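J.: Need a 3D model of the following:
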Amino acid sequence: MTIWPWASWTQRHQIVLYLVAIVFGAGIGFQVPDVRSSLEASINPFLGLLLYATFLSLPLTKLLESFRDLRFMAALGFVNFVLVPAVVFILTRFIAHDQALLYGVLLVLLAPCIDYVIVFAGLAGGDAARLLAATPLLLLLQVLLVPAYMFLIAGSETLALIDPKPFARALLGLIVVPFIAAFLTQVLMKRFSLAVRIGSWADYLMVPLMMGTLLSVVGSQIHAVASQFQNLATAIAIFVVFVAVMAVIATVVGKLFHLETAPMRAVTFSGVTRNSLVVLPLALALPPELSLASTVVVSQTLVELVAMLVLIQLVPRFVSAKNGINDQHGLA
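T.: Alright, predicted model coming up:
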């Protein structure tokens, strides 16, 4: 099954469009300050619609089969909750003296992405259905383990600063509601022609919705990052190194677990992408003396968005059929 009909023949065009959205968003963010709050308010609606379209394009009836893939789930868990914390611990030794930077970096890097990773992995030929099936497990484990890892790395004071409510709100608004809507649409597609048309249009709206998401994130946050760039430089460098290191490590883990090509690509993207849009409310809720932490989280989002556009080109080249097991047993 080709999840996105555009992907096979216009992937380069998609990347150009995404870059245009990022550049246009940056221009708006710098030149039209009055719209920043409106753009920030549009992030979750765009992301929710994007995920609805993504879920609608996936074989949802096969999700249980995906969840039973214990080897894939084990690889995903090992990458995100064993190797990532080890890498993050090493990288944050350079900022351990700065609490605001440290909290921001820990919050965003310790939490694996549960939303647009599905989209980007799918664009690179990764197994989006298995990633979708893994979402509840990834969310549960990060709610349980992120506070524990922050306690181990930054100290006991961090536990009092973490509120799990934003995670629950993100799960409901960005995962559960779009998933249920997509599932109901797929059921109705078997009986009503209107639902079939909705399903067809969802595929073709994927690129515009991704562009809207990128524009709203960049446009609403670029000014805050630029104004604090000197203070954020070290954190930004850490984020760039993290992408490079985890892309390699996650791919190696996929090979060690003998994953097929598409699941291996999915593990690679999961190891790199972080839950920035979900942890941002956590960072915003920190005390005033740690206010820089929220800007740190935003800067990671901007670094990651650019990295995703690079990785959807590189990962298919380096994680190809000759690297993994043939995909004959993968999901259609």
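J.: Just name whatever secondary elements the host helix or strand of Gln186 is in contact with.
T.: Assessed by DSSP states H and E, Gln186 sits inside helix 177-189. Judged by 3 or more CB pairs under 8 Å, 6 or more residues apart in numbering; DSSP states H and E, helix 177-189 is in contact with helix 36-56, helix 193-204. Any C-beta I mention is one placed from the backbone N, CA and C, and that applies to glycine too.
J.: try 10 Å this time
T.: Here helix 177-189 touches helix 36-56, helix 128-154, helix 193-204, going by 3 or more CB pairs under 10 Å, 6 or more residues apart in numbering; DSSP states H and E.
J.: Would you format those as a markdown table with mean pLDDT, distance to Leu259 and mean neighbour count included?
T.: As requested, these are arranged in a markdown table below (pLDDT from 0 to 100; distance: least, CB to CB, whole Å; neighbours: other CB atoms under 10 Å):
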| stretch | mean pLDDT | distance to Leu259 | mean neighbour count |
| --- | --- | --- | --- |
| helix 36-56 | 85 | 21 | 20 |
| helix 128-154 | 85 | 10 | 20 |
| helix 193-204 | 73 | 27 | 14 |
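J.: Next, format those helices as TSV and append distance to Gly212.
T.: Listed next are those as TSV, based on distance: least, CB to CB, whole Å:
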stretch	distance to Gly212
helix 36-56	4
helix 128-154	20
helix 193-204	14
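J.: Tell me which of the ones you listed lies nearest to Tyr18.
T.: Closest to Tyr18 of those, according to CB to CB: helix 36-56, at 12.3 Å.
J.: roughly how far is the closest one from the heart of the chain?
T.: Here helix 36-56 is found 13 Å from its chain centre; the criterion is CA atoms, centre = their mean, to the nearest Å.
J.: again, but for stretch 200-218
T.: In terms of CA atoms, centre = their mean, the centre of stretch 200-218 is found 15 Å from the chain centre.
J.: from here on, count from 594
T.: Got it, the first residue is 594 from now on, which makes the last one we talked about stretch 793-811.
J.: Convert the C-alpha atoms of that stretch to PDB, please.
T.: Output in PDB follows, covering the C-alpha atoms of stretch 793-811 (Å, rounded to 0.1, in the frame of the first residue of the first chain):
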ATOM      1  CA  SER A 793      -9.600  10.200  -1.000                       C
ATOM      2  CA  TRP A 794      -9.200  13.900  -0.300                       C
ATOM      3  CA  ALA A 795      -7.400  13.100   3.000                       C
ATOM      4  CA  ASP A 796      -4.500  11.700   1.000                       C
ATOM      5  CA  TYR A 797      -4.100  14.800  -1.100                       C
ATOM      6  CA  LEU A 798      -4.400  17.200   1.800                       C
ATOM      7  CA  MET A 799      -1.400  15.600   3.500                       C
ATOM      8  CA  VAL A 800       1.200  18.000   2.000                       C
ATOM      9  CA  PRO A 801      -0.800  21.200   2.600                       C
ATOM     10  CA  LEU A 802      -1.500  20.100   6.200                       C
ATOM     11  CA  MET A 803       2.200  19.400   6.700                       C
ATOM     12  CA  MET A 804       3.100  22.800   5.300                       C
ATOM     13  CA  GLY A 805       0.500  24.500   7.600                       C
ATOM     14  CA  THR A 806       2.100  22.700  10.600                       C
ATOM     15  CA  LEU A 807       5.600  23.700   9.700                       C
ATOM     16  CA  LEU A 808       4.600  27.300   9.000                       C
ATOM     17  CA  SER A 809       2.700  27.700  12.200                       C
ATOM     18  CA  VAL A 810       5.500  26.200  14.400                       C
ATOM     19  CA  VAL A 811       8.200  28.200  12.700                       C
END
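J.: number of nearby residues for Phe617?
T.: Using other CB atoms under 10 Å, Phe617 has 15 neighbouring residues.
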